[in-house]
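> test case, fold it:
(2 chains)
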Amino acid sequence: MSARTVTVLNVAEKPSVARSVSTILSRNQGFRMREGRSRYNKIFEFSYSIRGQPCNMLFTSVTGHLMELEFDERFRKWHSCDPADLYQAPVRKSVPEDKKDIKRTLEEEARRCQWLVLWLDCDREGENIAFEVIDVCTMANQNLTIKRARFSALIDREIHQAVQNLVEPNKWFADAVDARQEIDLRIGASFTRFQTMLMKDAFIIDTAPGDRNLVLSYGPCQFPTLGFVVERYWEIQAHEPEEFWTINCSHRSDEGLANFNWMRGHLFDYTCAVVIYEMCIEEPTATVTDVKQQEKLKYPPHPLNTIELEKRASRYFRMSSEHTMKVAEELYQAGFISYPRTETDIFSSRTDLHTIVQEQQAHPEWGTYAQRLLDPETGLWRNPRGGGHDDKAHPPIHPTKFSSGESNWSQDHHKLYELVVRHFLACVSKPAVGAETIVEIDIAGELFHASGRVVLEKNYLDVYRYESWGGTMLPTYTVGQQFIPTTLTLDSGVTRPPPLLSEADLLTCMDKEGIGTDATMHDHIKKLLDRFYATKDANTRFTPTNLGEALVMGYDDMGYKLWKPYLRAAMERDMKSVSEGTKSKSEVLATCLQQMKACFLDARVNKVKLLEAMGIFFQRTNRAGGDELHATGEVVRRCGLCQESDMVLRKNRDGNFMVGCLGYPQIVFPRRKQEANDFGCVHEFGFGNEGKALEGLFHKFYYLESECRNAVWLPGPVLEAAVTSNTCNTCTPGPVFLIQFKFRRLEIPPNYSVDHLGCIGGCDQILTELTEICGTGSRTGRARGPAAQTNNAHQSNTRQVVCMNCQETGHSSNDCPSQRNGRHRGMNQQNGEAAVSCSSCGMPCVLRTANTENNRGRKFYSCQSQECNFFVWEDSLNNGAGGRNFTRASNIPRANPGRNGGRGSRGRGRGRNGSHAANTTFVSATGDPVSGRRCYVCGDPSHFANMCPNRGG
DNA sequence: GCAAGGTC
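Coordinates of the predicted model:
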C-alpha cells in the first residue's frame, strides 16, 4: 500500500446500502467482504480513488439509529419522580445493548482510518444517525477527517458523483431530530405515567381484561391517530337521519332500459317534492333536450410508494398495514421487490423501466400483458406519471426480480408481489378509454338525465384487475324525441352517517396531517389496537373502545386538543425551522417544553375531567386513584322520588354542583344490544319502529332498569360545597343534611353572603333566590366534531338532565323545546306578527325555526295540536315559494315536522298518522299504481314512511 | 411499564 494511501471508513444506514455502494464503487476490481462484530453488518473492502487520492475503502453499516435517548438512571423508574419532573430531568443518548456490537465494529475500524465518510440516508433522520456515528468514531479516533456523501439513488453515476463531491454533515438537520426526540420522550413519558397511574387503579378497565401490565400511553402520534378514530365515531353518533325524496324515471324501449335521475338530486321538503311530482305525472311526456357524447379516460395509478401500498393492500386484500410492511420487508430482503419504505411516487428518468417489464414476460398470468406492453405496435406503453412525491432516497416500489411464486411464500407474499408487479405494469400503460353518453330529458319543466358508458379500450385495466370501470349501455336518443316514461316514481330515502374509518382512510388522515412517517404509520395504528384504544373489524374499520373514547373525551373536556393533529403539526413546523437554521434547537426545545409542561400541569389540575370521562364508561374500584372526584358523593338525603337510593352531592364536569339520585342510569351505551344486556340495561330508546328498518344503521340507547333521574341543581355561582353533619329541622322526610356553600363573589348580588349553610329540601329561601337570579349549572350538552352542530347524539354518554316537562334527556326544563315554542308564540303575538290558524283543525299554529340541513333557519308554522299534522313554510305564505301554489300542498301530510328537536322529537310530533294521506294517490305515468320502493318502514307501496301506520311514536 | 424514529 502506497504511503499516500488513506484508509477511509464508510458507513451506511443499512447493510444493503453498504453492499450496493461497495458494489458500484468497486465495479472494476470487486470487493473483499469480512465479518464485523455484528452478524448483520458486514465490512466490504476495496481500493478507490477520491479526487486523485488513492483510498483503501472500508465500508460497513449501522441498522438505523445507533443510539437511544433516555432519562438519567434515577428518573427511569415510574415512581422515582413526579412525572412533571420529566420536563427537566437530564436525558442522555447512549448505545443500547443490542447495538453494542455495531459500536465495537465502528470503534475498531475507526482506529485504523484517517477519514470517515458518512453514507447515511439523505433525510433528517439519516443526518442525525450520521452524528451518532461521528460520536462513536471520534471517541475512538479524534484525528478523523469527517465527510458526508450526498446521494439520492443507488445508481452508478449518482454514487460516483457523491463520493467525488463530499460535503460537510449538516448539523441543523441532526439538531431538528434531536429536538424531536427529546420532546417526544418528555411528553410521552410524562403523560403516559400520569394517566396510567391516575386511572389504572381507580377503575375496573374491562376493555383490557386480565392485562395487568396495562399502560395508558400517550404519544404525539398515537393520540391524534386515536383522535381520528374517535372523531369519526362521534360524527356517526351525532348523525341525524333525515328523510328525503327524489323523482325517478325509467324508459324501456326495444334497445333496452334507461334510468333517468332527477337533476335536482333530492329534496328534503316532502311537500315540495310531491307538488313537483304531481306536475310531472299530470304532464308526463318526456322530451329529449340534449344528447352529449364524449370520450373519457381512466388513468392508471401513480407509481407505488409505501402509503399507497399499505392502503391498496388493505383495500384489496384486507391486510393490515403492519402485516403488509412485514411481508413487503421479507420480499425486499429476498430481493423480489425494491425498498418498501419510500415516499417516492415518481420514477427517475434513469430507471430502466423496459428491463423491469421484460423480466415479467415469462409469468403465466401477466406475462402476455408484459409482452404486449413491450411490443411498440400495440401502442400500450406510456411513460409513467408521478404523483409529486420524491424522498430523493428510494425509487417507487417495483419488482426487482422475477418470480412465479416461491415455495416458501405464504398467500400474502403471493398477493403482495402480484400487487407490486401489476401496479408497476399498470403505471407504464396507457389509460383506459371510454365513450360516455349523457341524455337529458324534460318532463313538465323538470330535468332528468341518464348516462351510459362503453369501454372502448381497457388498456391498463387488463392487468390491474383490482380496478374496474363499469359500462352501461344506453338506448339511442335524439334531441326533440318524445316518449312516455315506463315508470315515474316518487321515492324516499334517508341520509346516512359516514362509515367508520377504514385502515386506508386512517392512513390518508395521517398522511394528510403529517402524523408519523411512511415507515411508522402502521406502527401507530397497531399501537391503538395493542393499547386497547380501538378495535378493527373484518372490514378493516376502526371503532374506539370505551377506553379510547374516554381518554379523548377527558382531554377534550379539559379543552385540550392533545388528541388533534395540531401539536404534531406545530412540532413539525419547528423541526423544519431548526433544519433550515432559522431557529436553534435549544430555542425550540425551551419554548415547546415550557408550553407542554404548563399544559401537563394544567391537565393534572383538571384530572377530574379525565376521571369523570372514565367514570362514564368504567366502574370505579375501591382503590386509591381518583379520590379527588368524590365519586360516590356525600349523602344529602334519601331520594323522595324513587325512595330507593340516596341523593348525593356531586360536581359535574363543568364544575357545577348538583344533588342527584344514585339511581341515575350510570351507564348509557350508544352501543350494541348485547353489551347493554351484559350490564342489565333493558330500556331501549331508539328510533321507534322505523328503527327496525334501519337496524345496523343507527345506534340505539340502553338505560339501566332501575333508574331514577331525580336531581336538584344548585346555583351556578357555587364555588365549593360540602355536606355537613347538621340536619334541617323543617324538611321531610328527613334527615336532610345541610350543605356548606361558598359562592363566587362576583357572580352573586352584593347583598348575598359568600358563605351559606343551606338546605336543598325546599325550605331555603336564599338558595331559591340565587337559583332564580343566577340560574343553575345544568347544561344541555355540547357539540363535538364537525357534524355535531345541529344536535349531538354524543351527549347521551354524559350524565344528563331530565326535563321535568317532557321527561326527555338532553335538555333541562328551562330549555324545553315545548316551553320555548310557547315563549316564541307569546313573543310573536306581542310583536304583532300574524298568527296562523291551522287550516286542517282550526287550532292556532306555532312559529318554529327549522334546523335541518336544507332548511336551517327557515321558519314554519306547525299546528299546536299533537293530533294534527298541519304545517306550512312561512315564506310560502308570503310569496308562494317561487310562484308555486302551496295551498293544496299544505293539506298533504308533512314530511318530518318534529325534526327540529332531533332525537328529542320522539314523543312529540310523532302522533301523526295517515289521516291526511287518503287525498294523495301515487300512480305511474301509465296510470298504474306506482311500483318499486316505497315506504322504507314496512315496504308498502301505498304510502311513504312518514304516513306509515307502523311508524312508532 | 413511557415516545417516535431508524432497521434486522
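> who are the contact partners of the residue of the stretch 351-500 of chain A found nearest DNA strand B?
Sorted by distance to DNA strand B under CB to the nearest atom of the strand, the residues of the stretch 351-500 of chain A start with A:Ala393, at 8.0 Å. Every C-beta, even on glycine, is put in place using the N, C-alpha and C of the backbone. If you count contacts by CB atoms under 8 Å, 6 or more residues apart in numbering, A:Ala393 has them with A:Asp121, A:Cys122, A:Asp123, A:Gly126, A:Ser152, A:Ala153, A:Thr342, A:Thr344.
> 7 Å - rerun?
If you count contacts by CB atoms under 7 Å, 6 or more residues apart in numbering, A:Ala393 has them with A:Asp121, A:Cys122, A:Asp123, A:Ser152.
> compare those residues and tell me which is most surrounded.
Greatest neighbour count in those, by other CB atoms under 10 Å, goes to A:Asp121: 22 neighbours.
> quick one: buried residues of stretch A:274-288?
Using 16 or more other CB atoms under 10 Å as the test for burial, stretch A:274-288 gives A:Val274, A:Val275, A:Ile276, A:Tyr277, A:Glu278, A:Cys280, A:Ile281, A:Pro284, A:Ala286, A:Val288.
> quick one on the thing from earlier: doesn't the residue of the stretch 351-500 of chain A closest to DNA strand B belong to a strand?
No. A:Ala393: not assigned to a strand; according to DSSP: H, G, I helix; E, B strand; the rest coil it is coil.
> now it: how far from A:Val274?
To A:Val274, A:Ala393 is 63 Å away according to CB to CB, to the nearest Å.
> A:Val648 now?
A:Val648 sits 54 Å away from A:Val274, going by CB to CB.
> cool, A:Asp412 as well?
54 Å.
> one more: A:Lys103?
Distance of A:Lys103 to A:Val274, computed by CB to CB: 80 Å.
> and if you look at A:Asp345?
With CB to CB as the criterion, A:Asp345 and A:Val274 are 51 Å apart.
> how many other residues sit next to the closest residue to A:Gly640 other than its chain neighbours?
In space, and not counting its chain neighbours, A:Gly640 is closest to A:Pro733: 6.7 Å by CB to CB, 6 or more residues apart in numbering. Neighbourhood size, A:Pro733 [other CB under 10 Å]: 10.
> what does A:Ala370 give?
Using other CB under 10 Å, A:Ala370 is surrounded by 23 other residues.
> host element of it?
helix A:367-374 (DSSP states H and E).
> which positions in the stretch 401-550 of chain A make contact with DNA strand B?
Among all residues of the stretch 401-550 of chain A, those adjacent to DNA strand B (criterion: CB under 7 Å from any atom of the strand) are A:Gly516, A:Thr517, A:Ala519, A:Thr520, A:Asp523, A:His524, A:Lys527.
> and the second one, its phi and psi?
So that's A:Thr517. phi -110, psi 170 (degrees, to the nearest 10).
> how about A:Thr730?
phi -110, psi -40.
> just give the nearest non-adjacent residue to it, would you?
Using CB to CB, 6+ apart and skipping the chain neighbours, the partner closest in space to A:Thr730 is A:Cys763 (4.7 Å).
> in the helix or strand containing A:Asp290, what counts as buried?
Per DSSP H and E, A:Asp290 falls inside strand A:286-298. Within strand A:286-298, the residues scored as buried using 16+ other CB under 10 Å are A:Ala286, A:Val288, A:Val291, A:Lys298.
> how far away is the closest residue to DNA strand B within the stretch 301-450 of chain A from A:Asp290?
Residue nearest to DNA strand B within the stretch 301-450 of chain A (CB to the nearest atom of the strand): A:Arg341, separated by 4.9 Å. Per CB to CB, A:Arg341 is found 51 Å from A:Asp290.
> any idea how chain A splits into domains?
Following the assignment in automatic domain parsing, chain A carries domains at A:6-169, A:178-239+A:499-613, A:243-299+A:433-494, A:306-430, A:622-793, A:816-920.
> so who does the residue nearest to A:Pro224 when sequence neighbours are not counted touch?
Sequence neighbours aside, A:Pro565 is the residue nearest to A:Pro224 in space, at 4.3 Å (criterion: CB to CB, 6+ apart). Contact partners of A:Pro565, counting by CB under 7 Å, 6+ apart, are A:Pro224, A:Glu513, A:Ile515.
> surely the last one meets A:Phe223?
In this case it means A:Ile515. No. Taking contacts as CB atoms under 7 Å, A:Ile515 lies outside contact range of A:Phe223: 9.4 Å.
> the longest helix belonging to chain A - contacts with which helices or strands?
The longest helix of chain A (DSSP state H) is helix A:171-199. Using 3 or more CB pairs under 7 Å, 6 or more residues apart in numbering; DSSP states H and E, the elements in contact with helix A:171-199 are strand A:68-71, helix A:124-140, helix A:566-580, helix A:585-605, helix A:607-617.
> before we move on, the earlier item: pull out the buried residues from the next helix or strand after the strand holding A:Asp290.
Where DSSP H and E defines the elements, the next helix or strand beyond strand A:286-298 is helix A:306-317. Buried residues in helix A:306-317, counted by 16+ other CB under 10 Å: A:Thr306, A:Ile307, A:Glu308, A:Leu309, A:Glu310, A:Lys311, A:Arg312, A:Ala313, A:Ser314, A:Tyr316, A:Phe317.
> how much space between the last one and A:His65?
The spacing between A:Phe317 and A:His65, counted by CB to CB, is 32 Å.
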